[in-house]
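Novice: Below is the structure, and that's it, no one-letter string:
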């Protein structure tokens with residue numbers, strides 16, 4: 001069975017654009033994965049810990065043969081391969097890959113929460129998400145991505161590159 005995942009991608013260390021493009025290329029180049037859509041790249045203001053460089057963010061929609069935990073493991077391995085080292089919550093990173101949605105399902109465990117628990121609060125996720133999948137419904141909030149973005153209202157600090 002093929003699954004549909006929507007993945008958020010971000011970087012704020014090194015060559016941020018190259019880091020995001022490398023992640024997209026490797027994600028799409030993995031056997032069992034196929035990129036269906038991808039957003040533009042956006043320059044985005046940091047959230048949480050703000051004393052760091054701005055990010056480059058985008059969102060991709062992927063058809064995958066992986067289940068959610070397999071995909072999470074594969075994404076963590078890809079982050080390490082691209083040079084990510086653990087720092088601290090909301091700290092700077094070479095690459096960050098987050099599963100935002102997976103088949104419209106809800107999943108909560110100590111290792112994984114789908115939909116991503118903060119996506120509805122983050123313009124840096126919602127703006128690129130609405131570019132490629134404005135109709136996707138948050139299963140817990142019962143709202144489309146477009147409605148979540150409208151509810152958020154403030155999208156300053158998100159600039160298309």
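Specialist: Right, received. Where do you want to start? The structure displayed is predicted, hence computed values, not measured ones. Numbering: from 1, shown residues only.
Novice: Every contact and neighbour count from this point should use C-alpha atoms.
Specialist: OK.
Novice: And the strands in the chain, which stretches?
Specialist: In the chain, the strands defined using DSSP state E lie at 3-11, 33-38, 42-44, 55-64, 96-102, 107-108, 113-114, 137-138, 143-144, 158-160.
Novice: Please work out which of these is packed deepest.
Specialist: strand 55-64 (a mean of 26; mean count of other C-alpha atoms under 10 Å).
Novice: Which stretches in the protein count as helices?
Specialist: 16-29, 68-81, 123-132, 145-152 (DSSP state H).
Novice: who wins for proximity to residue 112 among those helices?
Specialist: Closest of the helices of the chain to residue 112 is helix 68-81, at 7.7 Å (criterion: C-alpha to C-alpha).
Novice: what angle do the closest one and strand 33-38 make?
Specialist: 80 degrees (axes from the mean of the first three to the mean of the last three C-alpha atoms, to 10 degrees).
Novice: How much space separates the closest residue to residue 148 other than its chain neighbours from residue 50?
Specialist: Leaving out its chain neighbours, the residue that sits closest to residue 148 by C-alpha to C-alpha, 6 or more residues apart in numbering is residue 120, at 5.9 Å. Residue 120 is 19 Å from residue 50, where distance means C-alpha to C-alpha, to the nearest Å.
Novice: More neighbours: which of the two?
Specialist: Higher neighbour count among residue 120 and residue 50: residue 120, with 19 against 12, using other C-alpha atoms under 10 Å.
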